[in-house]
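Undergrad: okay, predicted coordinates and the sequence, questions at the end:
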Amino acid sequence: MSMAGAKRIKVGGSFEIKPGKILAHIVLLLGAIVFVFPFVWLVSTSVKPDYELFSFPPVLIPSTFRWDNYTRMLDYLPFFTFLKNTLYVTVMNVVGTLISSSMVAYGFARLKFPGKNVLFVVLLSTMMLPQQVTMIPQYLIFRNLGWIDAFPPLYIQAWFGIPFQIFLLRQFMMTIPQELEEAAKIDGCGYARTFSQIILPLVKPALATIAVLRAMNAWNDFMGPLIYLNSTEKMTMSIGLKLFQSVSGTEWGMMMAAATVMITPIIFLFFFAQRFFIQGITLTGMKG
Amino acid sequence: MSTLRNRKVLVMAVVTALVCLSLSVVASAEPIKVRVWGLNDAVPGGVRNQIKVFNETHDDIKIVPEVPTVNNQASSGGAVTGGDLSNMQKLLTAIAGGNPPDLTTVDRFALPSWAVRNALMPLNDFIAADNYDMNKFYQFTVNEVTVDGNMYALPSGTDGRYLFWNKDMYKNAGLDPNAPPQTWEELQAYSDKLTIKRGRTFQQMGFISQLAPGGSFYLYTLLNGGTFMSEDARSMTLTDPKTVEALEWMVEWYDHLGGAETVNAFLGAFQSGSANDPFMAGKLAQLVMGDWHIGNIARYNPKMDFGMAPVPAATPEYYGRTWFGGWGWAIPRGAKNAEAAWVVAKWLTSEEGIRANMEGERAYRESAKLPFVPGLQVIKGLNEQLTDEIRDNLEPKFIEALEFRNANISDDSKVRHISPIASEIYSGTGRAVDAALYHRQTPREALEAAQEEMQQLLDEFYGK
Amino acid sequence: MASKASVKESLAGYLFIGPWVVGFLVFTLGPILASIYLSFTDYDVLNPAQWVGLKNFTHLFQGDPLFWKSLGNTFYMVVFGVPLQILMGLCVAMLLNMNVKGMAWYRTIYYLPSIVPVVASSFLWMWILNPHFGILNNFLYMIGIEGPGWIGSEVWSKPSILLMQTWAAGSTMIIYLAALRGVPTHLYEAASIDGATRWKQFWHVTLPQLTPTLFFTTTMGMINGFQIFSESYIMTNGGPVDSTLFIVYHLFNNAFGYFKMGYASAIAWVLFIIIMIITLIQLKLSPRWVHYN
């Protein structure tokens, strides 16, 4: 095996700022204050009593903590049903896009075939037309497939590859040295094996990125559920947030509590997924 | 023997007949499901109770609520085009896709534009067949749902625009807390006394209308005796001297306060009609707002001492005028259960239906320790009754406000222009107001441009 | 004669991109063709479309000042917004790529603004940008600057939206982060042996390695930037004085506010052509500056 004499290349560089570690922390902390603000604000609003919602200047730390906004919110609307639906749609999106987008990206990035460039431009062009004008014809397609008030319209396209994510993965795949693939070819790997065993492991950071981005989009999608879902028991959480606005005004406290609960899984997902985009990939190269 | 046998046959026949009969009864007892958009059953309160009561009292029809996002009675008169476009998008897509609900809530303001495009079913035949009494509704709401002699919805709920003022701030400024201004001059004088500035920024604002530009301008036009359209709604009258004068007054008013940018900067920070509201935060002494604000005050700042009166007018002659918005229940074209939907619509807009909602809402509010303030209804005489029933539950200032509100609605209350291009007029005039307030054009120029554009749209529409 | 290998490779290529091709044919192509057709019609969605030839397009170019206004606003956002977001995303990603303790927390925190739901963040921005009571102008006041009117100002409304976008540039940030991790360390080692300063390292090692990602973010930035919509729909309603009326917002109002789906389709296709031209230029120029290996 040619791997026997392989030279180990470590990928995954990081800057070492030796003298400036403290400075780095200061800069990072200052930034963190600016960036953590919306979240702190959200949590703080979720436990504010009504009368502090509109005080000037805004109160960051409520005088009394209305934690019951969280329990009341759970009684107020079928939150767990919405959560379950959202989770389902999100998982279907992420799994679908990981499989399909990576396959399609591999085709565009590493293989040669007639019409590739034209097809790639077509792929990009599908992102250039505002969805407002294609929405109604698309609705008709899904209706003919019997998918009204059903989840497939919200995830089916992920299973055929999302152009944005195909493009992103293609960029990452194109940076992989050609020699790696040549070596695999010499070893007798077919395209399927090259794809799954050489290419995919090398673009793990990018895969983690598209998984997070897709999860976030599906999780927060408002337009899709609005157009395609009808029954209350099929609604997702982004729609749920809107339901706190009703005849008798907006239930800000409960809405913010729901929003906090809604984004917590995404925060966890990001926290744990980041080790995939930052991990140093030890890849086995080939003889010089 | 034979009699016995005959008897046996007879018994069997009777049993068979009974079984068949009961089976057919069971079959026909399967209730018709009416899909309704605009009843948010996802949250507790009046709507859930309304659905429950209807389904309990009707064996043959069942309400199936869908699309809780389409809010019946979220405050009308939305920002740009006068309606919530995401709801329109949903309904339009569903109708175009051949999958409309059986019954939907509609903004009465936008109704003509749907009706003239055959998107809604005329209700005249139903009304005639039932000999249904449309006179129980305030006449202006019926006018709003009538297009070319056809009625397209049953009205449900309304709201008017009034002056609210903070009595404590009046006292602090040395003004009589029970004597609000009645004319524009008085309003200006009051407002000057109530405005406190630090440099270019406001510490406290004396007065502002918080309605969308198109809505404010229409109100001031009414209060100056002007119009937007001719009686027959075929020609625009935006260059009518009274109408131009109303906009000139608005510009003068904004300039007096330091310009549109400064005023909008002040307002931009607030979400009007919700908890985050300058009036309730004690930063604004007087404002023009919908009557739904009574409920907001009761909830978010119940301690505030406030009053409610007609919006000051250019001259006493027009004092008392305002415009109303509201909703209705309509049956989209292509609805599968139109007849059953009609039964539901009748019930939802009946006293019984409204009361089912009110009782549910009240029970929920009490359990959540929130004040209950009934919304403004369109059945004559009902508002007074509903207010009477909660007399002991609210402080007198709220009852007073509700009574003022109830007394100011009548058969010939005013509404915005009833036109198939109502949305375009609303946004087009709003645009003209902006252009004038920000001094991109003089009021006359801005209105001349809008006049020409809107008239062209009208001609195009009726030319067809 | 095509070699056997290349026929095999072509076949594999088509198979790999197959899912997208099928999805495109089934779900996307039809609606796209429909919208081309509709752009030549009067179509109110509720009644059959009426063929009107080029009327929508002539009206758009000659009779609709709002089209030009919204096009100008949109270009403004693309010209300033795309570079700003790329720069911001890159700077933050560099910062978060350092080798410092607790970095996992920092990264998560820096990502937060892009996941807080709009209902909550728009409410917050109202507070921050309030010229009278807002945090930003109070801060500026402390350092002796009188802040502008932000979203209430015709001049500052677009910069306000740029500010919000930049703050929530988390998605761009994580894309760069993934790309930065892909830069082989031996390149840095080689560079530091040559005695390159950190700036030179960045310029000669990091940046060239990032060009495929930069190409992605500029191309996507343009494609999405031209379709900016929700920020103004939620925060400013297109105002004041139409200063935040962007082209997709204008199209949306026509399609769903005024029942002019035919006209909206025409606007969409003009926008499509603009974006297409710019993307093709970018693709054409890319070999000059994008380094893949």
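TA: Everything's here; your move. Numbers count the residues shown, from 1 in each chain, chains lettered A, B, ... in the order given.
Undergrad: is there proximity between the biggest strand by length in chain B and chain A?
TA: For chain B, the longest strand by residue count, based on DSSP state E, is strand B:154-166. No: on the criterion Cβ under 8 Å from any Cβ of the partner chain, strand B:154-166 is out of touch with chain A, staying 8.7 Å away. Every residue, glycine included, has its C-beta placed from N, CA and C.
Undergrad: can I get the next helix or strand after that strand as PDB, trimmed to CA atoms?
TA: Beyond strand B:154-166 on the C-terminal side, the first helix or strand identified by DSSP states H and E is helix B:167-172. The C-alpha coordinates for helix B:167-172 follow below in PDB (Å, rounded to 0.1, in the frame of the first residue of the first chain):
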ATOM      1  CA  LYS B 167     -54.300  63.400  32.800                       C
ATOM      2  CA  ASP B 168     -51.300  63.500  35.100                       C
ATOM      3  CA  MET B 169     -49.200  65.100  32.400                       C
ATOM      4  CA  TYR B 170     -51.900  67.600  31.800                       C
ATOM      5  CA  LYS B 171     -51.900  68.500  35.500                       C
ATOM      6  CA  ASN B 172     -48.100  68.800  35.500                       C
END
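Undergrad: so which bits of chain C are right by chain B?
TA: Counting by Cβ under 8 Å from any Cβ, chain C sits next to chain B at C:44-47, C:123, C:126-127, C:129-134, C:146, C:149-154, C:237-242, C:252-253, C:255-259.
Undergrad: three-state assignment of the one residue sitting closest to the centre of chain B?
TA: Most central in chain B under Cα atoms, centre = their mean is B:G326, positioned 2.4 Å from the mean C-alpha point. Three-state call for B:G326 (DSSP: H, G, I helix; E, B strand; the rest coil): strand.
Undergrad: contact partners for the residue nearest to it when sequence neighbours are not counted?
TA: Computed as Cβ to Cβ, 6 or more residues apart in numbering or on different chains, the closest residue to B:G326 that is not its neighbour in sequence is B:T158, at 3.6 Å. The neighbours of B:T158, taking Cβ atoms under 8 Å, 6 or more residues apart in numbering or on different chains as the test, are B:138, B:141, B:324-326, B:376-378, B:409.
Undergrad: C:I36 reaches C:W269, doesn't it?
TA: Yes: using Cβ atoms under 8 Å, C:I36 is in contact with C:W269, at 6.6 Å.
Undergrad: the two: which is more packed in?
TA: Higher neighbour count among C:I36 and C:W269: C:W269, with 23 against 16, using other Cβ atoms under 10 Å in any protein chain shown.
Undergrad: check which helix or strand covers that one.
TA: Per DSSP H and E: helix C:261-289 holds C:W269.
Undergrad: how far off centre is that helix?
TA: Here helix C:261-289 is found 13 Å from its chain centre; the criterion is Cα atoms, centre = their mean, to the nearest Å.
Undergrad: list the helices and strands that helix packs on?
TA: Other elements packing on helix C:261-289 under the criterion 3 or more Cβ pairs under 8 Å, 6 or more residues apart in numbering or on different chains; DSSP states H and E are helix A:116-125, helix C:29-38, helix C:55-58, helix C:207-225, helix C:247-252.
Undergrad: which of those helices sits most buried?
TA: Mean neighbours per residue, mean count of other Cβ atoms under 10 Å in any protein chain shown, is largest over the helices and strands packed on helix C:261-289 for helix C:247-252, with a mean of 26.
Undergrad: outside of it, which residues touch it?
TA: For helix C:247-252, using Cβ under 8 Å, 6+ apart, the contacting residues are A:130, A:132-133, B:85, C:66-67, C:70-71, C:73-74, C:226-229, C:232-233, C:238, C:264, C:267-268, C:271.
Undergrad: grab the nearest non-local neighbour of the residue minimising distance to the centre of chain A.
TA: The centroid of chain A falls nearest to A:L213 when counting by Cα atoms, centre = their mean (2.1 Å). Spatial nearest neighbour of A:L213, excluding adjacent residues (Cβ to Cβ, 6+ apart): C:S171 at 5.8 Å.
Undergrad: which element is the one you found on?
TA: Assigned by DSSP H and E, C:S171 falls in helix C:170-181.
Undergrad: next one: that helix to chain centre, how far?
TA: Distance, stretch centre to chain centre, for helix C:170-181: 15 Å (Cα atoms, centre = their mean).
Undergrad: isn't A:I99 right up against A:A158?
TA: No: applying Cβ under 8 Å, one finds A:I99 not in contact with A:A158, separated by 9.0 Å.
Undergrad: ok, the two, which is more surrounded?
TA: Using other Cβ under 10 Å as the criterion, A:I99 and A:A158 rank with A:A158 on top: 24 against 14.
Undergrad: not counting sequence-adjacent ones, nearest residue to that one?
TA: Going by Cβ to Cβ, 6+ apart, A:A158 has A:G96 as its nearest residue, at 3.6 Å.
Undergrad: just checking, that neighbour touches A:L154?
TA: No: contact between A:G96 and A:L154 fails when scored by Cβ under 8 Å: they sit 10.9 Å apart.
Undergrad: tell me which of those two has more neighbours.
TA: Between A:G96 and A:L154, counted using other Cβ under 10 Å, A:L154 has the larger neighbour count: 25 against 21.
Undergrad: any idea how far the more buried one is from A:F167?
TA: For A:L154, the distance to A:F167 equals 22 Å [Cβ to Cβ, to the nearest Å].
Undergrad: for the helix holding C:W269, give the mean pLDDT please.
TA: On average, the pLDDT along helix C:261-289 is 95.
Undergrad: now that helix and helix C:207-225, what's the angle there?
TA: Relative orientation of helix C:261-289 and helix C:207-225, computed by axes from the mean of the first three to the mean of the last three Cα atoms, to 10 degrees: 170 degrees.
Undergrad: list the buried ones in helix C:261-289?
TA: By neighbour count on 16 or more other Cβ atoms under 10 Å in any protein chain shown, the buried set for helix C:261-289 is C:261-272, C:274-276, C:278-279, C:282-283, C:286.
Undergrad: picking that back up, let me see the contact set for the residue nearest to the centre of chain A.
TA: A:165, C:171, C:174.
Undergrad: ranking the residues you listed by neighbours, who comes first?
TA: Ranking those using other Cβ under 10 Å puts C:I174 first, with 29 neighbours.
Undergrad: now do the phi/psi pair for A:T90.
TA: When read as degrees, to the nearest 10, the backbone of A:T90 gives phi -70, psi -50.
Undergrad: B:M134 against B:V142, yeah?
TA: Yes: at 5.4 Å, B:M134 and B:V142 qualify as touching, with contact defined as Cβ under 8 Å.
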